[in-house]
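In: Turn this into a model:
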Amino acid sequence: MAAFDYRDYHDFDDSAFVRVRDSLNNLIATPWYEHGLARPNYWDGPWTYWSWTAAVAGNYQLEYGVANLGDNSLPSAALFDTPIPNLLPCCCSAPACSPGRLWQEKIEEAGIKDIFLL
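Out: Residues are numbered from 1 along each chain as shown. The predicted model follows:
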């Protein structure tokens, strides 16, 4: 999930994004993108679900970001939560069910070796 808080005003087109790059650092997808000129001034965006599925097996890099364009006085913000939502269980109340531990176990079950969040 991602959200964009446009803390600026027009004509400053701040933006936020999720990008996917391949092992050669080529941009292959932008599964989520928001920008200020498409929204009202000082817009507080909702949490938005995004997803991406690799067409072929390989190494991929998720890139989370926000860009402040044109000035530095009112930087916008991007918020990101749960980078791999399909690996997380929906419900758990036992002490052993801490989010970090569950996330690690689900990643190991899925056979994922390395995750790099930038």
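In: Low-confidence ranges, this structure, go.
Out: 82-118 (pLDDT under 70).
In: who does the top strand by length along it pair up with?
Out: When the chain is parsed with DSSP state E, its longest strand is strand 27-35. In the sheet, strand 27-35 lines up against strand 15-21 (antiparallel) (DSSP bridges).
In: Can you classify His10 by secondary structure?
Out: In three-state terms, and counting by DSSP: H, G, I helix; E, B strand; the rest coil, His10 is coil.
In: Number of residues surrounding it?
Out: His10 sits with 11 neighbouring residues when counted by other CB atoms under 10 Å. Quick note: C-beta positions are derived from backbone N, CA and C, even for glycine.
In: Might you report the residue contacts of Asn25?
Out: Gln61 (CB atoms under 8 Å, 6 or more residues apart in numbering).
In: With the one 5 residues further on instead?
Out: For Thr30, the residues meeting the contact criterion (CB under 8 Å, 6+ apart) are 17-20.
In: just Asn26 next, same as before
Out: Asn26 touches nothing, counting by CB under 8 Å, 6+ apart.
In: Would you mind listing the buried residues in the longest strand of the chain?
Out: By neighbour count on 16 or more other CB atoms under 10 Å, the buried set for strand 27-35 is 29, 32, 34-35.
In: Closest one of those to Gly58?
Out: Gly58 lies nearest to Ala29 out of the buried residues of strand 27-35, by CB to CB, at 12.7 Å.
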